[in-house]
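Novice: Provide a 3D model corresponding to the input given below.
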Amino acid sequence: MMGRGPCICIAIFFVAFFGVAQPFFGQDPAHTDSEQIPGSTIRLNLPKAVSMALEYNGRSKVSRAEVDAAMARHKQTLSAWWPELSAKLSASRMDEDANFLFPSSMVQVPASQFPIPPTTITIPANSFGPGFPPVDVPLQTSGMNLDIPAQAIPVPEQDIKLMDRDIAMGSLNLTYPIYTGGLRTSLNKMTKYGAEVAKQDTRRTDQEVVYDVRRVYYSGVLTHRLVQIAEDTLARMEATLELTEKLYQTGTGTVKKTDYLRNKSMVETIRSMAAELKQMHKTTLATLGTVIGLEWNQDVVLEDEDIPFKPGESDPETIMDRAFLGNPQIAKLEAAVKAAEAEVGKATSGHIPKVGFFASTNKIWNSLDTGMATPENKFSWAVGIGVEIPIFQGFRVTAEQKEARAKLQKRRHQLKLVQDSLALEVKNTCYTLEKAVAQQKASGEALKSATENRELNVRAYQEELVETKDVIEAQITEALIAGQYQKVLYEHVESQAKLDFVLGIDAAQLANANW
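Specialist: Residues are numbered from 1 along each chain as shown. Sure thing, here's the model as predicted:
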């Protein structure tokens, strides 16, 4: 069983590493634009990596474009508070003049009598000559009826020219909604809170980018430290192999050929592990460059060589309120609830009358001044108020109200679910931080003991006081504990990054943080 100990330790070492680093290998990062800064090698610290990711990462660009679109939609609804003024101009030439053909007809005149009443006619003196008559002579006539027979008067066909065939027309129209039954206000609120939803999505996207960068960055530091541990262990194992070979050939016989072969197999196994870890480190750096948004031919070099350990606040009771206030997912759903409330008002407006004001003026340019092209018809204007009263829409508006209220309830339930989920996530993350703090202390003490144990076994082996397998096991155990210690440091910084993400700390603040 003791001979199998080193192999078991190596297996555990691989499992411990893969459990942390594997999520970053083989992932499909978001597509990024080609608008990047040129260069072949970029030296990065964490603040610089975060700042570059916020600038170049394609996901952030997409979310910011969505915010611009949402703000534009909001401005579209604000236009409903302004009057609409439009002008139209047109010129046309018809094939012929516009005319009106009045058909021939007969005007029927019925028989009638024209009464002539009795009257007195006076012949003035000297009308026929001097002295004749000598005085005015009155003449009396009797009344009579003049009979007019029935008759039909023909009216011939008439071709009336209404307008010249060359016409130019212009109009100016003004409309303004005076009262919309809450429709205008509801649409304004819907787009306003829709823009807020897009802003919170952008915040969350930026925070996700920062979270991914922090995880991958420290994963690169972790793989670098594991490579160092593997190379240091390999160098010690090679030195042990040389000593084993010397003791086997010139010793007292306590070291056998099987000890030499066991040692050699472990050296080659660790050599293979070191090569695998180097490849994983390169893959991690390439992943970091992709997450940041660099070009494929740009290499990344990390400035940090050690994972920092800075314990912070990890009490769920003291940070829960901060999470509810700062988390963008909560803020997004709160804005979505308000937008859904406005949608209920929009649906309700379908039952309410609407009032609008309108005004228009029209001008016609035509060479004719008769027919339809009279001066009165060539220029006209009108003003008025229109009222639209919904009477019956086949229960459509009622169904729209029910749908809007159902959506509102859905948003409220979603908000409650996210709040509960967030509370659980905060607790779990805080518990993970507490576990990492405890494990860091214990792993540090274990690493000191393992290092001292390895040094004692190596000195004792030189004096042939311990067996070969004990030296190998001591060296592998130290490497295992050293890797476990680095894993604990990584889990702590990863949990801290997750806690910052859950708390909704702004990406700009994180980019300027002193990690």
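
Novice: Can you report how many residues lie near Thr205?
Specialist: Number of residues near Thr205 (other C-beta atoms under 10 Å) recorded here: 22. Placement of C-beta: from N, CA and C, glycine included.

Novice: Kindly apply the preceding question to Tyr179 instead.
Specialist: Counted by other C-beta under 10 Å, the residues lying close to Tyr179 total 13.

Novice: Find the nearest non-adjacent residue to it, please.
Specialist: Val355 (4.4 Å; C-beta to C-beta, 6 or more residues apart in numbering).

Novice: Could you tell me which other helices and strands the helix or strand in which Gly386 is found packs against?
Specialist: Here Gly386 sits within strand 379-388, counting by DSSP states H and E. The elements that strand 379-388 packs onto, with contact taken as 3 or more C-beta pairs under 8 Å, 6 or more residues apart in numbering; DSSP states H and E, are strand 354-365.

Novice: Next, the buried residues of the strand it packs on.
Specialist: Buried residues in strand 354-365, counted by 16 or more other C-beta atoms under 10 Å: Lys354, Gly356, Asn362, Ile364.

Novice: Quick check: the residue nearest to Tyr179 touching Val387?
Specialist: Yes. If you go by C-beta atoms under 8 Å, Val355 and Val387 touch, sitting 5.3 Å apart.

Novice: which among the buried residues of strand 354-365 gets closest to Leu503?
Specialist: The shortest approach to Leu503 among the buried residues of strand 354-365 belongs to Lys354, at 46.5 Å (C-beta to C-beta).

Novice: burial measure for the nearest residue to that closest one once chain neighbours are set aside, as a count.
Specialist: Sequence neighbours aside, Glu388 is the residue nearest to Lys354 in space, at 4.7 Å (criterion: C-beta to C-beta, 6+ apart). Using other C-beta under 10 Å, Glu388 has 11 neighbouring residues.

Novice: low-scoring stretches of the protein, by residue?
Specialist: Residue ranges of the chain with pLDDT under 70: 1-39, 251-253, 511-515.

Novice: What segments of it are strands?
Specialist: Listed in chain order, the strands of the chain (DSSP state E) span 41-44, 84-93, 98-102, 105-109, 112-116, 119-123, 137-141, 144-148, 151-155, 158-163, 166-179, 299-302, 354-365, 379-388.

Novice: so can I have TSV of these showing distance to Ala235?
Specialist: Below are the strands of the chain laid out as TSV (distance: least, C-beta to C-beta, whole Å):
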stretch	distance to Ala235
strand 41-44	27
strand 84-93	81
strand 98-102	105
strand 105-109	124
strand 112-116	140
strand 119-123	153
strand 137-141	157
strand 144-148	142
strand 151-155	126
strand 158-163	105
strand 166-179	82
strand 299-302	23
strand 354-365	85
strand 379-388	88
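
Novice: how much space between the closest residue to Gln158 other than its chain neighbours and Met94?
Specialist: In this structure, Gln158 finds its nearest non-sequential neighbour in Phe102, 4.0 Å apart by C-beta to C-beta, 6+ apart. Computed with C-beta to C-beta, to the nearest Å, the distance linking Phe102 and Met94 is 20 Å.

Novice: tell me the residue furthest from the middle of the protein?
Specialist: Gly131 (118.8 Å; C-alpha atoms, centre = their mean).

Novice: Tell me which two in the buried residues of strand 354-365 are the farthest apart.
Specialist: It's Lys354 and Ile364 that sit farthest apart of the buried residues of strand 354-365, by C-beta to C-beta, at 32.1 Å.

Novice: quick one: the helices in the protein?
Specialist: Remark: helices assigned in the chain by DSSP state H are 5-21, 46-56, 58-78, 183-250, 257-292, 316-326, 328-348, 375-378, 396-462, 468-503, 507-511.

Novice: Quick one: closest of the ones you listed to Ser127.
Specialist: helix 375-378 (52.9 Å).

Novice: Return the list of helices and strands in contact with the closest one.
Specialist: Contact partners of helix 375-378 among helices and strands, from 3+ C-beta pairs under 8 Å, 6+ apart: strand 354-365.

Novice: and the strand it packs on, what other elements does it pack with?
Specialist: strand 166-179, helix 375-378, strand 379-388.

Novice: mind redoing it with 6 Å?
Specialist: strand 166-179, strand 379-388 (3 or more C-beta pairs under 6 Å, 6 or more residues apart in numbering; DSSP states H and E).

Novice: residues of the first one that come out buried?
Specialist: Under the neighbour-count criterion of 16+ other C-beta under 10 Å, strand 166-179 has Ile167, Ser171, Pro177 buried.

Novice: What of stretch 287-296?
Specialist: Under the neighbour-count criterion of 16+ other C-beta under 10 Å, stretch 287-296 has Thr287, Leu288, Gly289, Thr290, Val291, Ile292, Gly293, Leu294, Glu295 buried.

Novice: Export these as CSV, with columns for distance to Thr77.
Specialist: Listed next are the buried residues of stretch 287-296 as CSV, based on distance: C-beta to C-beta, whole Å:
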residue, distance to Thr77
Thr287, 43
Leu288, 43
Gly289, 42
Thr290, 39
Val291, 37
Ile292, 38
Gly293, 34
Leu294, 40
Glu295, 41
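
Novice: which one among those residues gets closest to Asn145?
Specialist: Gly293 (112.1 Å).

Novice: nearest spatial neighbour of that closest one, skipping sequence neighbours?
Specialist: Closest residue to Gly293 apart from its sequence neighbours, by C-beta to C-beta, 6+ apart: Tyr56 at 3.1 Å.

Novice: Would you agree the one you found is in contact with Val291?
Specialist: No. Using C-beta atoms under 6 Å as the test, Tyr56 is too far from Val291 to be in contact (9.9 Å).

Novice: Give me the common contacts of the two.
Specialist: Residues touching both Tyr56 and Val291 (C-beta atoms under 6 Å, 6 or more residues apart in numbering): none.

Novice: thinking again about what came up before, and Ser142, which of the helices and strands packed on strand 354-365 is closest to it?
Specialist: Checked against C-beta to C-beta, the stretch from these lying closest is strand 379-388, at 58.8 Å.

Novice: Pull the contacting residues for Val300.
Specialist: Ile42, Leu44, Leu285, Leu288, Gly289.

Novice: nope, Lys192 is what I was after
Specialist: His74.

Novice: Could you report the separation of it from Lys310?
Specialist: Taking C-beta to C-beta as the measure, Lys192 falls 41 Å from Lys310.

Novice: just Tyr461 next, same as before
Specialist: 40 Å.

Novice: More neighbours: these two, which one.
Specialist: Comparing Tyr461 with Lys310 by other C-beta under 10 Å, the one with more neighbours is Tyr461, at 22 against 9.

Novice: so the more buried one sits right up against Lys469, yeah?
Specialist: No. Using C-beta under 6 Å, Tyr461 makes no contact with Lys469, being 10.4 Å away.

Novice: and the nearest residue to His224 once chain neighbours are set aside, what is it in contact with?
Specialist: Among residues not flanking His224 along the chain, His281 sits closest, at 5.7 Å (C-beta to C-beta, 6+ apart). Listed by C-beta under 6 Å, 6+ apart, the contact set of His281 reads Thr223, His224, Val227.

Novice: One more pass at 10 Å, please.
Specialist: Ala21, Ser219, Gly220, Val221, Leu222, Thr223, His224, Arg225, Leu226, Val227, Leu302 (C-beta atoms under 10 Å, 6 or more residues apart in numbering).

Novice: Gln200 now?
Specialist: 63, 67, 327-336, 504.
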